[in-house]
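Trainee: Provided below are the primary sequence and the corresponding predicted coordinates.
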There are 2 protein chains.
Amino acid sequence: MKGKATSFDIAHEAGVSQSTVSRALRDSPLVSIETRERIKAIAKELNYKVDKNASNLRQQQSSTLALLLFEDPTSDDSMINPFFLSMLGSITRATAKAGYDLLISFQQFSNDWHADFEDTHKADGIILLGYGDFLDYRDKLEKLEQQNTHFVRWGALEEHNPGVVVGSNNYQGGYNITNHLIDRGRKHFVFIGGADNHSPEFLARFNGFNDALSERGILKPGQTAKHWDAISTETSGYNVCKALLDSGEKVDAIVCASDLIAIGVLSAMKESSYNVPDDIAIVGYDDIPLARFTSPPLTTVKQNTILAGEILVETLIAKIEGRHAKNVLIDADVILRESS
Amino acid sequence: MKGKATSFDIAHEAGVSQSTVSRALRDSPLVSIETRERIKAIAKELNYKVDKNASNLRQQQSSTLALLLFEDPTSDDSMINPFFLSMLGSITRATAKAGYDLLISFQQFSNDWHADFEDTHKADGIILLGYGDFLDYRDKLEKLEQQNTHFVRWGALEEHNPGVVVGSNNYQGGYNITNHLIDRGRKHFVFIGGADNHSPEFLARFNGFNDALSERGILKPGQTAKHWDAISTETSGYNVCKALLDSGEKVDAIVCASDLIAIGVLSAMKESSYNVPDDIAIVGYDDIPLARFTSPPLTTVKQNTILAGEILVETLIAKIEGRHAKNVLIDADVILRESS
DNA sequence: ATTTTTTATTCAAGCGCTTGCTCCAAGTAA
DNA sequence: TTACTTGGAGCAAGCGCTTGAATAAAAAAT
């Protein structure tokens, strides 16, 4: 046998027509059971595999999903948010389970990628990760929607979302972990992270934080909680914490908008000889795998990344198949460890 | 315009034949510059994109690479070795830069995936990550090679490797970091990690460790260094370290086969109130992003993952294009931090 | 015995593109 | 004028598959 076997080869071998081979391999009831089995046996023997390109072309679809990870051009090249990476695993698995392949790509906004993946028939739909943190995503997403591209986005739910959004309940997470700290008797709170409107996700966490403080009377009515800005990296957390300590601000509890920030904060605390949690409580957000191995182990909020990945994939496939797909908010759980 | 535009649509619009359109868009010199430009303008206006499936089918290739991450069925589902993840970034980028797409998939050995990705024309070649740690990979790889599948593997170089291998110089890494510890005056060494022949990579690290100790006279001739077995997870590192401490073994330096193990060890040390590095030095391997935020920051060996990803892709593409591809060993650097 | 229904298979079109070959007109040489 | 290049474009095959429609054979109904 020279080259790969085609369906004609196996048709010839089986003494049937090529179309019967195609039907047999797809388990069409139009082919009798015996012929089906016979054809399958021959196919296996000749190590025949359906050519995806031909099949896709004919069917005008690709049974492939594209995962686009937003890449922050300003941050360190090699740093990918571990939270997204942990979702990568479940997305990959869910995609495979649904019989799709997964294309992955890092994209920057600057690129004019638009709906290329779907336009070229490389993918039937697109999953967007990391597109929640920037102002200028809206235009692009609306363009996608206009083009009728199938896509789901991981991010925050806002009043009007272009496309379908799956996200975790950041408000509730911020609210719950703050209440936990209040229960532990903390009085002086600071929030570190992008508590500005650049990131709706961080903003929701901050709002939960703020509302918890208000409800429990730590904040007087009309007062807004203190926050220090930081981007989601250890380095930024470290620097901001140093600045915070230098400022002389009175504080016995820090809620960080992400574990990465919290890890930077912990490391600044250690360097300045503060004791966590005795002098000050630190909590993070995300429960990245290493959160339990920091020193002290980090109290944090866990987003169910496995569920999230599955729902993202499920939702996208629903859209592709023309079924109804709605926004989903996934609950987040507080994970108690020793930093609080 | 109903549906996506095809090359016929733009041919019609431009008043030329469809084949001229195809040539123009591929910058064929058979088409005059002016017509080329005119056609390109019309294509852009109609938002025309070449259908990948049709193009691939005709050309009998897919300009896609598949990345197969080995998934250890025995370990925690959501845990992916962060080291591989950091390579994912550079692989993705290098793939894109070379004009290929990247399919990603987690595979278990049990599955009979073989060369499916290439057989089905979904990919032109395969990158194998995480296939270095198990005994039974050889058969599969040899099968791949027999089938003439294009693949590169990340792993250790052994006498006879099926296919092409790109790896980092684990022997040298183990050797150098051990010498560093000896320079610091340490006397009682233990290696924690898979110092058995399950993992050629860990074995090479151990050999470097062992040889350094011998050369510097810490080990008497013929003696072999002490090692405790562990798999590459924090939990395993933690447990093994606990057992080591319980054993009463005299030790002032631990070389871990991976950062994950070292992080588990650090956490066990902290719990048992040992001071690192005063009582005992701990070093890891990999320099995962969080290694510099452990407490104390971890001395480790950095594999150049960016370079590694690029070389993997480059090597695979060379194979695909029929050029000569040879095994590559990438140097590893000791990163000094405070745990040693 | 004849017509109708059911079952199993084949025919043939065509998905959208790439590319070897053919064709034509204008330019150059004889 | 005739013959020969040559640059630019068109023709048409065909990549390997899926699938609606046609056909043939067998079974059931009349």
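Mentor: Arrived safely.
Trainee: neighbours of the residue in the stretch 201-340 of chain A positioned nearest to DNA strand C, just the number please.
Mentor: For the stretch 201-340 of chain A, the residue positioned closest to DNA strand C under CB to the nearest atom of the strand is residue A:320, at a distance of 17.4 Å. C-beta: built from backbone N, CA, C; applies to glycine. Per other CB atoms under 10 Å in any protein chain shown, the neighbour tally for residue A:320 reads 19.
Trainee: next one: residue A:220
Mentor: Neighbours of residue A:220 (other CB under 10 Å): 8.
Trainee: let me know the pLDDT of it.
Mentor: Per-residue pLDDT puts residue A:220 at 91.
Trainee: so it: helix, strand or coil?
Mentor: Secondary structure for residue A:220, judged by DSSP: H, G, I helix; E, B strand; the rest coil, is coil.
Trainee: am I right that the residue of the stretch 201-340 of chain A closest to DNA strand C is in contact with residue A:127?
Mentor: No. Between residue A:320 and residue A:127 there is no contact under CB atoms under 8 Å: 11.4 Å.
Trainee: which residues in the stretch 51-200 of chain A form helices?
Mentor: Using DSSP state H, counting those that start in this stretch, the helices of the stretch 51-200 of chain A run over residues A:52-59, A:82-97, A:116-119, A:137-146, A:170-183, A:200-215.
Trainee: next up, the contacts around residue A:295.
Mentor: By CB atoms under 8 Å, 6 or more residues apart in numbering or on different chains, the contact set of residue A:295 is A:266, A:270, B:266, B:267, B:270, B:294, B:295.
Trainee: confirm that the first one sits in a strand.
Mentor: Yep, that's residue A:266 we're talking about. No. Counting by three-state DSSP, residue A:266 is located in no strand; its state is helix.
Trainee: tell me who's in contact with it.
Mentor: Residue A:266 makes contact with A:276, A:282, A:294, A:295, A:298, A:339, B:293, B:295 under the criterion CB under 8 Å, 6+ apart.
Trainee: let's go with 10 Å and repeat that
Mentor: The contact partners of residue A:266, by CB atoms under 10 Å, 6 or more residues apart in numbering or on different chains, come to A:234, A:237-238, A:241, A:254, A:256, A:259, A:274, A:276, A:282, A:284, A:294-296, A:298, A:339, B:293, B:295.
Trainee: circling back to that earlier point, which residues does the residue of the stretch 201-340 of chain A closest to DNA strand C contact?
Mentor: So residue A:320 contacts A:61, A:63, A:65, A:100, A:118, A:123, A:124, A:125, A:150, A:151 (CB under 10 Å, 6+ apart).
Trainee: distance of the residue nearest to the second one when sequence neighbours are not counted from residue A:275?
Mentor: Nearest residue to residue A:63, sequence neighbours excluded (CB to CB, 6 or more residues apart in numbering or on different chains): residue A:100, at 5.2 Å. Separation of residue A:100 from residue A:275 (CB to CB, to the nearest Å) stands at 50 Å.
Trainee: more neighbours, those two?
Mentor: Neighbour tally, residue A:100 and residue A:275, criterion other CB under 10 Å: the higher count belongs to residue A:100, 20 against 10.
Trainee: next, the buried residues of stretch A:231-250.
Mentor: Judged by neighbour count (16 or more other CB atoms under 10 Å in any protein chain shown), stretch A:231-250 contains these buried residues: A:231-238, A:240-242, A:244-245.
Trainee: run through the residues of the stretch 51-200 of chain A sitting next to DNA strand D.
Mentor: Contact residues (CB under 7 Å from any atom of the strand) of the stretch 51-200 of chain A with DNA strand D: A:51, A:54, A:55, A:57, A:58, A:59.
Trainee: residues contacting the closest residue to the first one other than its chain neighbours?
Mentor: To tie it back to what came earlier, the one meant is residue A:51. If you skip the residues right next to it in sequence, residue A:51 has residue B:121 as its closest partner in space, 5.1 Å away by CB to CB, 6+ apart. Remark: with contacts taken as CB under 10 Å, 6+ apart, residue B:121 is in contact with A:4, A:49-56, B:56-57, B:60-62, B:64.
Trainee: tell me the one of those nearest DNA strand C?
Mentor: Of all those, the one sitting nearest DNA strand C is residue B:57; the distance, using CB to the nearest atom of the strand, is 4.5 Å.
Trainee: which of the contacts of residue B:121 tops the neighbour count?
Mentor: When neighbours are counted as other CB under 10 Å, the busiest of those turns out to be residue B:62, with 26 neighbours.
Trainee: just to check, that one is in contact with residue B:102?
Mentor: No. In this structure, residue B:62 is not within contact of residue B:102 by CB atoms under 10 Å, at 11.4 Å.
Trainee: okay, and the common contacts of the two?
Mentor: Counting by CB under 10 Å, 6+ apart, the shared contacts of residue B:62 and residue B:102 are residue B:123.
Trainee: for residue A:39, give me phi and psi.
Mentor: Geometry field for residue A:39 lists phi and psi as phi -60, psi -40, criterion degrees, to the nearest 10.
Trainee: pretty sure it sits against residue A:10.
Mentor: Yes. Counting by CB under 10 Å, residue A:10 is a contact partner of residue A:39 at 6.7 Å.
Trainee: return the helix or strand in chain A with minimum mean pLDDT.
Mentor: For chain A, scoring each helix and strand by mean pLDDT, DSSP states H and E identifies helix A:137-146 as the least confident one, at a mean of 80.
Trainee: can you show me the CA trace of that helix as PDB?
Mentor: Output in PDB follows, covering the C-alpha atoms of helix A:137-146 (Å, rounded to 0.1, in the frame of the first residue of the first chain):
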ATOM      1  CA  TYR A 137     -12.500  44.500  24.200                       C
ATOM      2  CA  ARG A 138     -16.100  45.600  23.700                       C
ATOM      3  CA  ASP A 139     -15.700  46.800  20.100                       C
ATOM      4  CA  LYS A 140     -14.000  43.600  19.000                       C
ATOM      5  CA  LEU A 141     -16.600  41.400  20.700                       C
ATOM      6  CA  GLU A 142     -19.400  43.300  19.100                       C
ATOM      7  CA  LYS A 143     -17.800  42.900  15.800                       C
ATOM      8  CA  LEU A 144     -17.600  39.200  16.400                       C
ATOM      9  CA  GLU A 145     -21.200  39.100  17.300                       C
ATOM     10  CA  GLN A 146     -22.100  41.000  14.100                       C
END
